[in-house]
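**Q** my questions concern the predicted model and sequence given below.
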Amino acid sequence: MSKILSGISLLLLIAPTTFSQVSDSLESLNSVSLEKKLGQMIMVGIRGTHLNAEVMASTRQQIEQGDIGGILFFKHNIKNSRQFRIFVKSIKKLPVEYPLLLAVDEEGGQVRRLRKKQGFEEFPSAAHVGAKLSKTEAYDLYSRMANQIHNSGLNVNLAPVVDVNINRISPAIGQLNRSFSRNPGVVYDYCETFIRAHNNTGVLTTLKHYPGHGSSREDTHNNLTDITSTWRSSEQVPFQRLIDSSRIDMIMAGHLFNRSVDRQYPASISIMHIQKTLRDKLGYDGVVITDDLQMGAIIKRYDLEEIVIAAINAGCDILQFSDPLNLDENLPLKIREIVQDAISQGKIDPIRIDQSYTRIINMKQQLSDKLK
């Protein structure tokens with residue numbers, strides 16, 4: 001409870017010019033509705049390329065009502081750099097109580113959303129950077145990446161990849177050159193450089209994929225990814241060192257199943273992974289975002305009610321549903337109903353919602369400070 005009270009005091013420092021409708025008289029989390037708190041905990045993908053598109057009608061309404069707190073953009077949202085800047089700018093002009101998290105997956109290499117043919121600079125893979133560039137050269141490169149993201153109007157990069165390249169033929173990491181190195185110390189060095197370059201440009205970063213995807217033999221996009229027999233303690237090293245450095249904005253929990261830690265759930269919705277290990281053992285008290293909860297590794301095994309309840313109880317703060325083609329337009333309402341019922345039945349302690357809301361608002365305040 002002391003952490004929550006501390007978060008409340010930080011909430012009172014939010015500048016009205018940044019959060020236009022936040023009153024200085026905000027006395028406690030009890031004055032904020034459950035609907036508003038849950039809205040901040042939802043990040044979604046969207047379908048359109050301009051604000052007035054018909055497919056954006058429900059999204060516009062959800063943004064203005066505070067039903068969603070973040071948007072993740074993909075290549076189908078981007079025709080060219082000019083169109084995309086206008087699109088993002090128009091979204092940012094919508095009346096909101098709290099600024100949206102406007103995110104993109106921009107790792108470099110094969111995982112990028114801002115492409116050369118659309119008028120953007122492209123960047124090499126993490127594997128190339130870790131093997132070929134000095135940390136000074138990497139900082140310059142990632143500063144250009146962060147500037148490009150910032151100039152597009154975005155404020156979050158769902159990167160860097162902190163996975164250690166244990167299995168070089170891993171279909172999700174090694175084969176795609178997404179890891180900086182097989183050496184956890186090198187991974188730490190270049191992730192720290194990536195984070196610093198982005199933060200100095202006013203862009204938040206996201207460490208992924210906790211507890212480590214680098215040893216996997218499967219891809220969580222498709223099916224269950226079991227790392228019970230492959231995961232190594234060295235995969236935790238860069239996460240721990242980055243936590244100790246106090247430079248972290250967010251950590252993404254992967255749909256990674258380790259029976260030695262939790263026999264029921266993958267890390268993304270596991271209290272043993274998130275609360276007991278990441279928070280209690282490793283000492284991380286910042287924002288945790290799930291990987292896309294529509295990925296095959298999780299949606300094929302659990303229904304929405306179980307996913308939402310388990311993720312919140314695990315200690316996750318932002319629930320990501322980023323596949324707009326399969327996204328239910330009524331998702332925020334369904335999540336709200338699930339949580340309300342779970343609270344009334346004693347399946348979710350409302351304090352968990354307060355903790356997540358406080359962490360998210362504090363992070364958004366830090367984002368505002370970075371842009372000053």
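**A** Thanks, I have it.
**Q** give me the mean pLDDT for stretch 333-340.
**A** Stretch 333-340 carries an average pLDDT of 96.
**Q** what does that stretch rub up against?
**A** Applying C-beta atoms under 8 Å, 6 or more residues apart in numbering, the contact partners of stretch 333-340 are 34-35, 38, 42, 67, 304-305, 308-309, 312, 319, 328, 348, 353. Glycine gets a C-beta too; all of them are placed from N, C-alpha and C.
**Q** can you list the buried residues in stretch 350-366?
**A** 352-365 (16 or more other C-beta atoms under 10 Å).
**Q** again, but for stretch 189-209
**A** Applying 16+ other C-beta under 10 Å to stretch 189-209 flags 189-199, 201-209 as buried.
**Q** and what of stretch 298-308?
**A** Buried residues in stretch 298-308 (16+ other C-beta under 10 Å): 298, 299, 302, 304, 305, 307, 308.
**Q** same thing with stretch 276-288?
**A** By 16+ other C-beta under 10 Å, the buried positions in stretch 276-288 come out as 277, 278, 279, 282, 284, 286, 287, 288.
**Q** farthest-separated two in the residues you listed?
**A** Distance extremes for the buried residues of stretch 276-288: the farthest pair is 277 and 287 at 16.6 Å, using C-beta to C-beta.
**Q** quick one: classify the spatially closest residue to residue 96 that is not a sequence neighbour as helix, strand or coil.
**A** Leaving out its chain neighbours, the residue that sits closest to residue 96 by C-beta to C-beta, 6 or more residues apart in numbering is residue 63, at 6.2 Å. When classified by DSSP: H, G, I helix; E, B strand; the rest coil, residue 63 comes out as helix.
**Q** ok, residue 63 to residue 95 distance?
**A** Distance of residue 63 to residue 95, given as C-beta to C-beta, to the nearest Å: 9 Å.
**Q** name the SS class of the nearest residue to residue 55 once chain neighbours are set aside, please.
**A** The shortest distance from residue 55 to any non-neighbouring residue, by C-beta to C-beta, 6+ apart, is to residue 47 (4.2 Å). Using three-state DSSP, the structure places residue 47 in coil.
**Q** near residue 324, how many other residues are there?
**A** Using other C-beta atoms under 10 Å, residue 324 has 21 neighbouring residues.
**Q** which residues touch it?
**A** 44, 45, 46, 47, 74, 76.
**Q** leaving out the residues flanking it, which one is nearest to residue 165?
**A** residue 179 (3.7 Å).
**Q** what distance do you get for that neighbour to residue 350?
**A** 39 Å.
**Q** ok, which stretches of the stretch 101-250 of the chain are strands?
**A** Using DSSP state E, counting those that start in this stretch, the strands of the stretch 101-250 of the chain run over 101-104, 156-157, 204-210, 225-226, 250-253.
**Q** name every strand pairing with the last one and say which way it goes.
**A** Within its sheet, strand 250-253 is paired with strand 204-210 (parallel), strand 287-290 (parallel), according to DSSP bridges.
**Q** circling back to that earlier point, just the buried members of the contacts of stretch 333-340?
**A** 38, 42, 67, 304, 305, 308, 309, 312, 319, 348, 353.
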